[in-house]
Each structure stands twice: as structure tokens, then as C-alpha cells.
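>>> sequence? don't have it. structure:
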């Protein structure tokens, strides 16, 4: 097959694809995020993250000072089931979980909360010639995250951080 034929086929498929398809998922995710951010803090929980799988499973990761218990997950599950029914949010399964020891760090407040902890950070664009960092969080001010490793400190713009997770240190 020649290149021109392949490109033509790609454009043809694109034109036949329902244009609202991707927008639907984006709007749906924004609705879910908005509902989570409005309801869970009032119950004393922080929304760490959520994901909606292609199979219809909605996973919500929550946290609070002192950690999450099974009872916390049950409380949030019961509450969200009712809220989603009223708000007409469709899903097949609802899973509530703690974010785990290697919880994601997404907001400036996350980096401030975990000052002194070790984190693994991947940036979108290289900083000082690298995109992957493992170091101790020194803080976050004006959306600039400071981490230290190997005796030096690096500043990373929050907008340049693609993924960040705590990296638990186990001392025996």
C-alpha cells in the first residue's frame, strides 16, 4: 500500500466517526469530577483521583488525615451511589479505594502536605536534561515544586509535571 492511500483511509475513517464521541467522555468526566469535588469534602474526605474504565467501572480514590478504613469506603460508596442516581451518572460498578502508599500527587496542596517525603516525578518537558526525578519534596510555592536529590535542588513547574507519586521508603 502506498502512503497516499493510507492517509486517505485515515481521513475517511475520521470523517465517518461520530464527532461527539470524545466530547461526551470529556463532559462526563467533568461532571463526575465536579460532583466528587462538591460532595466528598463535606464528608471529610479528599478526592485524590478517579477513573472511568471502558467497561463502565468508576474508581474513586479518597484520602483523609490518618488514612482510609473499610468503613470510610463503605460510607463514601453509599453516599455516591445516591448522588449519582440523582445526578443521572451512569456506571456499571463503583469502587472506592484509598490511593495507596504510592499515592498520586496532582495539586500544589499535595506537594505541600507531603514535604519531606520521597516522590517519583515525570515531567512533560526535560528539566536540566532529564524528565524523570526521584527525590525528597521540599515544598511548593506559586505552582513551583522543589525536590532535592543527590545534593541538589530542582524546581519543577506544576504545569510541566506529567505524573508524580509518593515513593514510600521502608526502613528495616
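Yep, it's here. The structure presented is a predicted model; accordingly, all values stated were derived computationally and were not measured. Numbers count the residues shown, from 1 in each chain.
>>> domain parsing for this structure?
Domain ranges of the chain: 25-97, 108-166, per the TED database.
>>> Could you identify which of those has the lowest mean pLDDT?
In terms of mean pLDDT, the lowest-scoring of the domains of the chain is domain 25-97 (a mean of 90).
>>> returning to what we had before: columns distance to residue 172 on top of the domains of the chain, output as JSON lines?
In this view, the C-beta of every residue, glycine as well, is placed from N, C-alpha and C. Converted to JSON lines, the domains of the chain look like this (distance: least, Cβ to Cβ, whole Å):
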{"stretch": "domain 25-97", "distance to residue 172": "21"}
{"stretch": "domain 108-166", "distance to residue 172": "16"}
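>>> Could you dump the ones you listed into a markdown table with mean neighbour count added?
Output for the domains of the chain, formatted as a markdown table (neighbours: other Cβ atoms under 10 Å):
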| stretch | mean neighbour count |
| --- | --- |
| domain 25-97 | 14 |
| domain 108-166 | 15 |
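>>> can you give me the strands for this protein?
46-52, 57-63, 93-97, 118-127, 130-141, 144-149, 152-157, 161-166 (DSSP state E).
>>> Just give me how far the longest one sits from the chain centre.
Put plainly, it is strand 130-141. Put simply, strand 130-141 sits 17 Å off its chain's centre (Cα atoms, centre = their mean, to the nearest Å).
>>> Equivalent analysis for stretch 152-171, please.
14 Å.
>>> Repeat that for stretch 77-91.
On Cα atoms, centre = their mean, the centre of stretch 77-91 falls 21 Å from the chain's centre.
>>> go on, stretch 32-46?
15 Å.
>>> Give me the contact list for that stretch.
47, 50, 52, 58, 60, 62-64, 72, 75-76, 79-80, 83-84, 87, 89 (Cβ atoms under 8 Å, 6 or more residues apart in numbering).
>>> how close does the most centrally placed residue in the chain sit to residue 35?
The chain has residue 49 as the residue nearest its centroid, 4.4 Å off, counting by Cα atoms, centre = their mean. With distances taken as Cβ to Cβ, to the nearest Å, residue 49 is found 14 Å from residue 35.
>>> With residue 126 instead?
Counting by Cβ to Cβ, the gap from residue 126 to residue 35 is 37 Å.
>>> likewise residue 151?
45 Å.
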